[in-house]
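Undergrad: the following block contains a protein sequence and its predicted model.
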Amino acid sequence: MTTVLPILTSTILSLNDFQHQFLWTVIAGFVCSFLLGFGMGANDVANAFGTSVGSKVLTLRKANIMATIMETAGAVLVGYNVVDTVRKSIVEIELYRGAPQDLLVGQVAILGGCACWLLLATIFRLPISSTHAIIGSTLGFTLLMKGNAGIHWSMVTKVAASWVISPILSGSISSIIYMCIDFAVLRRKNPFKCGLRMMPIFYFLCFTFYTFMVVFEGSKVLHLEHIPFWLALLMSIGVGFSAMLIYLFILRPKLIRWIKKNSKNETSKATVIPMTNACAPTVPISPIEKTQQKMAENIRSQPFECSPMGLINWFIPRKDRKEDADTLRLFSIVQIITGCFAGFSHGGDTPLWMMFYGVSGTCFGFWALGDRVMKTVGKKITEINPCNGFAIEFGMAITVLCASKIGIPISSTHCLIGSVMFVGLIKSGKGVDWRVLLNVALSWLLTLPLSAVFSALIMLALKMAFL
């Protein structure tokens, strides 16, 4: 007993000394984490709402409000395993067992390096991945302190491969969704009527999928992690069916009235009648106008020709096809819904107070600088309307949420840009601005090395000052 007491006393004293010596890391970590949240809001969250703002279904102010609500809800309702994947799979934590102070100070450097690159990319209006910036910052700190030892380069290779795999996977899913809408609605002779018929199905699918992602293996805070698969599926189908009924009996009549009102306003603005002819009789439709209407219907229908090129020309929407404005407006509400649920991809399994602290930084960053990246995603790459915006956001959400559930550190930014690019290539109207896409791709390639450099420089300064 006389031998044990001095050991325990010295251990407690040394622990208190350690805590006192490195208390500054807790304070610095809180500041850096808020800055990181600010950068994520200005960049990552802006990506999620960029297409909704670009298609003009949401104003910037409304997008700010919706992002604040959905980011907060997503932090509580959805729990992911990606944090554990990044923390355990990139570097070997056991290397720092004998030097915990190095690991503690390194976390501050990681947060600072990631925040620096996120803010710099936002200033230049470049959508990048915060997940990959964290990985790059982790590499920079580790390379400085331990060299190549302890780095799992196979995981880093997988991250690099996701630069290609993520956009292709998400873009393919979004393209399939868009082509289903195109064949079922857009290329029909009466697209508005077909859109009204298909809209309940879209509402059912969206709410069923999103509810299942929230409920199945969901947040530990709300005790959703123990709900079995069959019950989660049953609950999701129930919510989807309820959403479909709400649309049919409540939203549908209001949506039709809103569309008719907007159509009348556009017609009154587009039609200028001279005062001298105000009482003139109505001129019947000329043969030329009838021919033009017939040509528009032919362009929309795209007849099939039995040849390889004929198959391609029939399958891909014609670039000179003008979409019906009223039909596109049908997708306004469902696109807002998909944009809101895209904010759920930024949650985590952390204490509630820490969630709200991080979300406050994220929302503040979105309000302050989010418009910069939103313009790149929503306007500069390709022309986005409510219809293709819905396909882009829903395809991205399917990819990101499914990958997050199984713990794959996939980038929502890469998925969204891939969806925008793929849908932009196949949709009618204006194509893709390759110059903007090239700048975005270059920023992706620079994310790992530049975030690593920022992290290493911060770690070097902290090491010289405190270690």
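TA: Nice, I can see it. The structure displayed is predicted, hence computed values, not measured ones. Residues are numbered from 1 along each chain as shown.
Undergrad: against which helices or strands is the host helix or strand of V214 packed?
TA: Following DSSP states H and E, one finds V214 within helix 191-215. If contacts are counted by 3 or more CB pairs under 8 Å, 6 or more residues apart in numbering; DSSP states H and E, helix 191-215 sits against helix 229-246, helix 252-270, helix 325-330, helix 332-342, helix 386-405. All C-beta atoms are positioned from the backbone trio N, CA, C, and that covers glycine.
Undergrad: which helix in this structure has the most residues?
TA: Residue-count comparison of every helix in the chain, with assignments taken from DSSP state H, identifies helix 434-466 as the longest.
Undergrad: now find how far off-centre it is within its chain.
TA: Once both centres are worked out by CA atoms, centre = their mean, to the nearest Å, helix 434-466 turns out to sit 21 Å from its chain's centre.
Undergrad: can you check stretch 387-405 too?
TA: Using CA atoms, centre = their mean, the distance from the centre of stretch 387-405 to the centre of the chain it belongs to is 8 Å.
Undergrad: can you tell me the average pLDDT over that stretch?
TA: The average pLDDT within stretch 387-405 is 89.
Undergrad: same question, stretch 67-85
TA: Model confidence over stretch 67-85, given as mean pLDDT, is 63.
Undergrad: next, count neighbours for the spatially closest residue to F364 that is not a sequence neighbour.
TA: In space, and not counting its chain neighbours, F364 is closest to F38: 5.8 Å by CB to CB, 6 or more residues apart in numbering. F38 has 24 neighbouring residues, counting by other CB atoms under 10 Å.
Undergrad: so D320 touches S428, yeah?
TA: Yes: with contact defined as CB atoms under 8 Å, D320 counts as touching S428 (7.5 Å).
Undergrad: could I get the helices and strands packed on helix 191-215 as TSV with mean neighbour count and distance to T211?
TA: Converted to TSV, the helices and strands packed on helix 191-215 look like this (neighbours: other CB atoms under 10 Å; distance: least, CB to CB, whole Å):
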stretch	mean neighbour count	distance to T211
helix 229-246	16	4
helix 252-270	12	21
helix 325-330	21	23
helix 332-342	24	10
helix 386-405	26	11
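Undergrad: pick out whichever of D320 and S428 has more residues nearby.
TA: Regarding D320 and S428, a neighbour count based on other CB under 10 Å identifies S428 as having more, with 20 against 10.
Undergrad: before we move on, the earlier item: can you put the helices and strands packed on helix 191-215 in TSV and add distance to Q101?
TA: TSV is the format used below for these (distance: least, CB to CB, whole Å):
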stretch	distance to Q101
helix 229-246	44
helix 252-270	60
helix 325-330	58
helix 332-342	39
helix 386-405	33
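Undergrad: so for L450, which of the ones you listed sits nearest?
TA: For the helices and strands packed on helix 191-215, the distance to L450 is smallest for helix 386-405, at 23.6 Å, taking CB to CB.
Undergrad: so how far is the following helix or strand past the closest one off the chain centroid?
TA: Towards the C-terminus, the helix or strand next in line after helix 386-405, according to DSSP H and E, is helix 412-426. Taking CA atoms, centre = their mean, one finds the center of helix 412-426 at 11 Å from the center of the full chain.
Undergrad: got the angle for helix 412-426 vs helix 386-405?
TA: In this structure, helix 412-426 runs at an angle of 140 degrees to helix 386-405, with axes from the mean of the first three to the mean of the last three CA atoms, to 10 degrees as the basis.
Undergrad: tell me which element the most centrally placed residue in the chain is part of?
TA: In the chain, the residue lying closest to the centroid (CA atoms, centre = their mean) is A48, at 3.6 Å. Under the criterion DSSP H and E, the helix or strand holding A48 is helix 46-54.
Undergrad: which neighbours do D320 and S428 share?
TA: With CB atoms under 8 Å, 6 or more residues apart in numbering applied, the contact sets of D320 and S428 do not overlap.
Undergrad: if we can go back for a sec, dump the helix holding A48 to CSV, keeping only the CA atoms.
TA: Listed next in CSV are the C-alpha coordinates belonging to helix 46-54 (Å, rounded to 0.1, in the frame of the first residue of the first chain):
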residue,chain,number,x,y,z
ALA,A,46,-24.0,25.7,-50.4
ASN,A,47,-23.6,22.8,-52.8
ALA,A,48,-26.7,21.1,-51.5
PHE,A,49,-28.9,24.2,-52.1
GLY,A,50,-27.1,25.6,-55.2
THR,A,51,-29.3,23.7,-57.7
SER,A,52,-32.5,24.9,-56.0
VAL,A,53,-31.4,28.5,-56.1
GLY,A,54,-30.1,28.0,-59.7
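Undergrad: what about the protein, any weak spots by pLDDT?
TA: Applying pLDDT under 70 to the predicted model, the residue ranges of the chain that meet it are 1-16, 18, 74-88, 219-222, 266-305, 307, 309-310, 343-354, 407-409.
Undergrad: could you rerun that using 50?
TA: Flagging of the chain using pLDDT under 50 yields the residue ranges 1-9, 11-13, 79-82, 272-283, 287-292, 296, 347-349.
Undergrad: list the contacts of C114.
TA: The neighbourhood of C114, defined by CB under 8 Å, 6+ apart, consists of 36, 39, 130, 133-134, 136-137, 451, 454-455.
Undergrad: what is the nearest of those residues to L255?
TA: Nearest to L255 among the contacts of C114, with distances taken as CB to CB, is S130, at 35.5 Å.
Undergrad: ok, the closest one touching G39?
TA: Yes: with contact defined as CB under 8 Å, S130 and G39 form a contacting pair (7.2 Å).
Undergrad: what is the burial count for P449?
TA: 13.
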